[in-house]
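> Only the shape, not the letters, is given here:
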């Protein structure tokens, strides 16, 4: 019974890491496009998006989400 709990907890943590990885990649792409195409005020916000996305990718890993969700 206790091992079932830890198995469920392990799967939940793995899912959250994969989701963070995907969100980090999408945020990084959106931040780069924002830096290229938006005005000066919004460009300042995109720097924050890039920083948070890079932190997510560092913590969650770059390929974790792609392996978990089987994106090729």
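Yep, it's here. In this text the structure is predicted, and so the values were computed from the model without any measurement.

> Show me where the chain has its helices.
2-37, 40-60, 64-68 (DSSP state H).

> now those in a markdown table, with mean pLDDT and mean neighbour count?
For glycine as for every other residue, the C-beta is placed from the backbone atoms N, C-alpha and C. Formatted as a markdown table, the helices of the chain follow (pLDDT from 0 to 100; neighbours: other CB atoms under 10 Å):
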| stretch | mean pLDDT | mean neighbour count |
| --- | --- | --- |
| helix 2-37 | 91 | 14 |
| helix 40-60 | 90 | 14 |
| helix 64-68 | 87 | 17 |
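
> Apart from its chain neighbours, what residue comes closest to the residue nearest the centre of the chain?
Per CA atoms, centre = their mean, the C-alpha nearest to the average position across the chain is that of residue 24, at 2.6 Å. Nearest non-adjacent residue to residue 24, counting by CB to CB, 6 or more residues apart in numbering: residue 56, 3.2 Å away.
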